[in-house]
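Colleague: next comes the sequence, and after it the predicted model I'd like to discuss.
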Amino acid sequence: MQLSEQNLQPFQTADLQGTEALDIAFEISQILDTGLDRKELAILIALLETGVNPEALAAVVKELKREAAALRAAESDH
């Protein structure tokens, strides 16, 4: 099977829709002041799309943020 523009159209449309969805999610993330950048948000969305439990993922993100803040505080004390 040869790839033509017609064959690639569904992939390009899906990619564009994914980009638009990420843009919207990032805007919401900024409004909510989550502290997530685009790459982090894209990773989280990809995990959710694979079936990861959203509540468990949120708990992990919160814990990682707490640990990172504690490490930064400990480093600034030394």
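Modeller: Looks like it came in fine.
Colleague: for the protein, which residue is closest to the average position?
Modeller: residue 41 (1.8 Å; Cα atoms, centre = their mean).
Colleague: dump the residue contacts of that residue.
Modeller: Residues in contact with residue 41 (Cβ atoms under 8 Å, 6 or more residues apart in numbering) are 22, 25-26, 29. The C-beta positions use only the backbone N, C-alpha and C, and glycine is treated the same way.
Colleague: cool, and residue 42?
Modeller: Per Cβ under 8 Å, 6+ apart, neighbours of residue 42: residue 22.
Colleague: which SS class is it?
Modeller: helix (DSSP: H, G, I helix; E, B strand; the rest coil).
Colleague: re earlier: buried ones only from the contacts of residue 41, please, as a PyMOL command.
Modeller: Typed into PyMOL, the line below selects the buried ones among these, using 16 or more other Cβ atoms under 10 Å:
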select buried, resi 25+26+29
